[in-house]
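Just need the structure, nothing else, for what follows:
(chains A, B, C and D)
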Number of protein chains: 4
Amino acid sequence: MTNEKTGSLYYSDYLELDKILNSQHPRSADLPNGADDEMLFIVVHQAYELWFKQIIHELNLVREIFSQDNINDNSGDMSNAVHKLKRIVRILELLNHQVDVLDTMTPLDFLEFRNLLLPSSGFQSVQFRLIEAKLGLKMKQRYKADYYKHTRTGGFLQNDYEKINQAESQSTLKDLIIKWAKRTPFFDKSLWSEYQSLYQPGNNADKFWHDYKRIYQESLSASEQGRLDELDRVFFREGRSEFSVAAMRAVLFITLYRNLPIFHMPFELLGVLIEIDELLSNWRYKHLLMVRRMIGMRVGTGGTTGAGYLEGALSQHYIFKELTEMSTFLVERSRLPDLPNAVKEKTSFNVR
Amino acid sequence: MTNEKTGSLYYSDYLELDKILNSQHPRSADLPNGADDEMLFIVVHQAYELWFKQIIHELNLVREIFSQDNINDNSGDMSNAVHKLKRIVRILELLNHQVDVLDTMTPLDFLEFRNLLLPSSGFQSVQFRLIEAKLGLKMKQRYKADYYKHTRTGGFLQNDYEKINQAESQSTLKDLIIKWAKRTPFFDKSLWSEYQSLYQPGNNADKFWHDYKRIYQESLSASEQGRLDELDRVFFREGRSEFSVAAMRAVLFITLYRNLPIFHMPFELLGVLIEIDELLSNWRYKHLLMVRRMIGMRVGTGGTTGAGYLEGALSQHYIFKELTEMSTFLVERSRLPDLPNAVKEKTSFNVR
Amino acid sequence: MTNEKTGSLYYSDYLELDKILNSQHPRSADLPNGADDEMLFIVVHQAYELWFKQIIHELNLVREIFSQDNINDNSGDMSNAVHKLKRIVRILELLNHQVDVLDTMTPLDFLEFRNLLLPSSGFQSVQFRLIEAKLGLKMKQRYKADYYKHTRTGGFLQNDYEKINQAESQSTLKDLIIKWAKRTPFFDKSLWSEYQSLYQPGNNADKFWHDYKRIYQESLSASEQGRLDELDRVFFREGRSEFSVAAMRAVLFITLYRNLPIFHMPFELLGVLIEIDELLSNWRYKHLLMVRRMIGMRVGTGGTTGAGYLEGALSQHYIFKELTEMSTFLVERSRLPDLPNAVKEKTSFNVR
Amino acid sequence: MTNEKTGSLYYSDYLELDKILNSQHPRSADLPNGADDEMLFIVVHQAYELWFKQIIHELNLVREIFSQDNINDNSGDMSNAVHKLKRIVRILELLNHQVDVLDTMTPLDFLEFRNLLLPSSGFQSVQFRLIEAKLGLKMKQRYKADYYKHTRTGGFLQNDYEKINQAESQSTLKDLIIKWAKRTPFFDKSLWSEYQSLYQPGNNADKFWHDYKRIYQESLSASEQGRLDELDRVFFREGRSEFSVAAMRAVLFITLYRNLPIFHMPFELLGVLIEIDELLSNWRYKHLLMVRRMIGMRVGTGGTTGAGYLEGALSQHYIFKELTEMSTFLVERSRLPDLPNAVKEKTSFNVR
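Below is the predicted model of the structure:
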């Protein structure tokens, strides 16, 4: 990796540009009139893949942090995890922007080499599927899961298909977040002994939640009363969603009392997970608009119905849906019960 | 509008900042703890409305150009129209970006003043509805058209409702584009007398289109043959869509032979109309994601089901759908019939 | 502010659109051929001013937080301040984007109405000057400070000139940040009694700083040894800059030990202040490029030399320069001395 | 390049992802604690290089177009060239955005692996230097040209140094644009025989320019009269700049009479060249801000003074300066002399 003359490191060696810049071989090169725009098509997708690799790199580091048996709030772990997830946000913003570059290719110019690429397709990006899987999307939740099968034309090679399945079998970020939230220690019985329930006698965290239900009910207009069942299902009955009741209570509690110091980073964490979901969605949407313009109603190169597939994935491939929907269950700050001092203290800094 | 001291123009007078900067009166100001974020909410929407005014300004100028009985290709008209539409594109890109600013408001902070705004709603932006209408969206094509009615809570005031209806009754940009396309003079019989049909004897523009149908058929794979009916409907049978057969033929012809000088600007025009549609769509989509995060499944302030309404409008409020779908009907350049010299000459510059 | 018919709030009333949308009166309207682009010019600048108002709103709230005698780390204050400053970042990103819209005006189109605006000028935006002043820019630090004087053509009205001066006489954000940093309590003698100096006997925070100096020196290459004086000046001798030695030590310490829980938000704070400076700079730079293209070497409407003035302000109007330059004085993490347990404990959460 | 199982093309084979995704080997991998962020550093720069390759690809195609002895206005050449240059604009916008991703790396995290990269440096990107050279930047115009020499530590390898020099020895885009502008045929004597000079008897293109000088003079305020010499130098005396008088006259003429059909594309061409210059400048500026924050006043890895070098290049590496400055010499449309019919006809379409 060094300058052959001086023995010292040289830019192009460090970046292995001999490989990076010699990996563009347009299939249309053999045609009498090569398709000038195929180079763009290749470079755009290679740039995507580079960034996907980076996203996976960050995602693995974040999953490592959350895989610890116990995240020490006094380490930099939470802060590091949030920092890395925010970097993923910046990368996804860039990838959204990148669609605008491919947009400079006209449908007629694409047609010059489109058929040469059959049946390969952007659908087959293993890294993108790994990102979805590592975040928490299961194969069975995917739109038209059988499209992915290695036995299908336009599907994945067996090896790649297995990689995707394997990724979801490891702890996904969503699994780890649920585990982390569930374990949040501020609902320990000991901390709630002085809680003053607003409506019922009693002094534990559970009373808090019954109070909250009542407060929520009062905040609903007549036509909204149906929401109460919804709250019941999410925060009182197990098994409604991938998030357990304990995990959902924790994330709502963090959201409501985000000003408590120990919740600063967790609150940012919840926000950044939602942002990642939204940016992936917006990327799929921009992609859908582009494909619609590029190939109209035609079948995608991978044999999918192009825009049709993308539209299905768009509405189905949400990962942190439960976090987004939590805003349904918020009430105004002024309605919130006051917390017992023991809880406040436990969630604060050591300074007086 | 002048500096009272020197009689010369002063920045804040020119911009009428006394009005612009004194139009923010948060409803929460009377509350014990005013909601700090309501100012943001107001300013974001006022900035939207300023830009909507600018879009309407440009749109009116473009409609004026296309309202002429005959657009003179040798004037700067086409070039000016494209320039103005590209400006609208830039503004819409900005408006897409602007969503990110409102995204900095958390659901809990929004809840502090949300109820004070009922039943007003962003749905009621007259200017946004005028933009849609002036582009070419009809009331009957709108998702849940009865939401707009002035008789409905959360609907428009009578006066505003009429403004929207009136806008669509004038020539919309879509109407004018169709009229312009239909009239394109390069299908004059006189120009095609030397056309060599590939398949059938004959020498007129109509032969060209029968040739094209055959070429298209040959470009389709076995599983795509159904597309032929589609082409038939769009380019041979009247009444299938708002675009007449003549207009659709013209836009396809411009797309295929965009290198002919007289088509440079028209080709850019078609592209920029599609871009406007896409940016409006993407704005609606970003808006939808934001609303979903902000109010979850709750009812929007205007009494619509919030995200639900936006999702409906998203897929239904396309204006220039026909242009986007045209890429379904393209064939590779190498398959295109050669044009008669008379056509080439007519569509070229006067030089040499 | 209510729908006159139903007594309920209506969108356009809430937003006071009667004022917002009736404040555009192009001076060229009286010309035989009004200049179409003057509307854009007005709207762009009004949108800027709306956003400036919002920035000032947030800035005032942040200054209020830091004006407290003692910021309670266990309140949500720091977190709120950072949140509001991040919103300013998002707004400044938008304003950078907004330059692209004005870029769609050609120099020739600007010339149609340019002279009608004389001698008013964007230079005269009081709100922009207030933002600079409230952040911490002093009149005497401004490039060509006499341009601002109310006695000068193209300068400010007396009233406005005084507003700017008054803003800098109040506690600026920079003043408050310095005061906050200086007061940071983790250098209390009591906490450092067990500190093990690497080089010298002794056990106080001051030993830490002498150790740091030595570590820094060892990290410098031969040609960089001159930097040591620089470090000496900044971290050991008073009066070198607006930041006192104590304040500079605090910000460096926060940067180095950002993983300590109590530093999470302060570290984000330092980063976001730098970002604000950079975005303002980049906005000035984009503005400079635009002006250069728009009026070439001509004199700006305010009588400044246009691009020349902007270039001067560009390099001189940095506010948090000291924070940016701090990276000169960092050393690798592995070289950092271990902190005494008392310091670690004091800066951690109450949880074990 | 085909799916080994089915013989059909597979996504990852087409994109040669085996090479693209196996070219990241952080130098810090051997350290006890590898630097997590070095991967980001590598990927960002590899993505830059991919896009640089694409820019060079487009630039070569554009240079090919302009290298023809005679560009046929009736071919699609001009339109294609503008299209490709606009694509470069979109890519440069993306690269400006990409800086924000690297911005997520903190100075302390960079320091973990910074020294391992010495003396390699982003300065050594051959492709970026080729882009500058192919656009038209000469080695002697570069800031600190001796930094590039292959004999200098941190400079280029001999082979690369020669590549850069060779690129500027071929026809650069600037050379070709000047040649193209000079040759523009609308100043043919024959076309101007009916020109009515406003001030002097005479009827040729030269009279037009003398008229223009007079008109320009009248448009200047008293304090601006010095500009007249400037106009004289640029449009009447050879040798002032790389643009010949004939070329400068042509670009000004195109700008003034952009509504003539044959000037539509040339006018867009001039605009897009300025945009490329501005985006490169803005990229350098954002880069400068980032480096300043990342390494403060320290020396860059390549031994340059980091931010100092970038600042020098910023103000010196303009390519199409003459085009930007042309706006100094514009006058209002209403003052423009009417053109002889022969000129109007020659520059119009064949349609009546």
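
burial count for whichever residue of the stretch 251-352 of chain A sits closest to chain C?
Proximity of the stretch 251-352 of chain A to chain C (Cβ to the nearest Cβ) peaks at A:N259, 2.8 Å away. C-beta here means a position set from N, CA and C on the backbone, and glycine is covered the same way. Neighbourhood size, A:N259 [other Cβ atoms under 10 Å in any protein chain shown]: 17.

now it: how far from chain B?
10 Å (Cβ to the nearest Cβ, to the nearest Å).

residue contacts, that residue?
If you count contacts by Cβ atoms under 8 Å, 6 or more residues apart in numbering or on different chains, A:N259 has them with C:S75, C:G76, C:S79, C:N80.

tilt between the helix or strand hosting the third one and helix B:77-102?
So the one you mean is C:S79. In the assignment (DSSP states H and E), C:S79 maps to helix C:77-102. Counting by axes from the mean of the first three to the mean of the last three Cα atoms, to 10 degrees, helix C:77-102 points 180 degrees away from the direction of helix B:77-102.

quick one: average pLDDT of helix C:77-102?
In this model, helix C:77-102 has a mean pLDDT of 97.

And stretch A:237-254, by the same measure?
So the average pLDDT for stretch A:237-254 ends up being 92.

who touches that stretch?
So stretch A:237-254 is contacted by A:136, A:174, A:177-179, A:181-182, A:184, A:186-187, A:209, A:233-236, A:263, A:266-267, A:270, A:322-323, A:326, A:329-330 (Cβ under 8 Å, 6+ apart).

List only buried entries from those residues.
A:136, A:174, A:177-178, A:181-182, A:184, A:186-187, A:209, A:234-235, A:263, A:266-267, A:270, A:322-323, A:326, A:329-330 (16 or more other Cβ atoms under 10 Å in any protein chain shown).

Can you add neighbour count and give the contacts of A:N259 back as JSON lines?
Converted to JSON lines, the contacts of A:N259 look like this (neighbours: other Cβ atoms under 10 Å in any protein chain shown):
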{"residue": "C:S75", "neighbour count": "15"}
{"residue": "C:G76", "neighbour count": "19"}
{"residue": "C:S79", "neighbour count": "22"}
{"residue": "C:N80", "neighbour count": "17"}
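
So which of these reach chain A?
C:S75, C:G76, C:S79, C:N80 (Cβ under 8 Å from any Cβ of the partner chain).

okay, those residues in a markdown table with distance to B:E16 next?
Output for the ones next to chain A among the contacts of A:N259, formatted as a markdown table (distance: Cβ to Cβ, whole Å):
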| residue | distance to B:E16 |
| --- | --- |
| C:S75 | 41 |
| C:G76 | 39 |
| C:S79 | 38 |
| C:N80 | 34 |
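
and of those, the nearest to chain B?
Once Cβ to the nearest Cβ is applied, the member of the ones next to chain A among the contacts of A:N259 that ends up nearest chain B is C:N80, at 8.9 Å.

ok, now which ones touch the residue nearest to A:R87 when sequence neighbours are not counted?
With Cβ to Cβ, 6 or more residues apart in numbering or on different chains as the criterion, A:R87 has its nearest non-adjacent residue at 4.3 Å, and that residue is D:T104. Counting by Cβ under 8 Å, 6+ apart, D:T104 makes contact with A:H83, A:K86, A:R87, A:R90, D:L40.

Could you single out the nearest of the contacts of A:N259 to A:D13?
C:S79 (45.2 Å; Cβ to Cβ).

That closest one and A:M265 touch, don't they?
No. Applying Cβ atoms under 8 Å, one finds C:S79 not in contact with A:M265, separated by 9.6 Å.

burial count for A:Y199?
12.

For the stretch 151-300 of chain A, which residue gets nearest to chain B?
Closest point on the stretch 151-300 of chain A to chain B, by Cβ to the nearest Cβ, is A:G296, at 3.0 Å.

Can you tell me the SS state at the residue lying closest to that residue once chain neighbours are set aside?
Distances taken as Cβ to Cβ, 6+ apart put B:T328 closest to A:G296, at 3.0 Å, once the chain neighbours are dropped. Following DSSP: H, G, I helix; E, B strand; the rest coil, B:T328 is assigned to helix.
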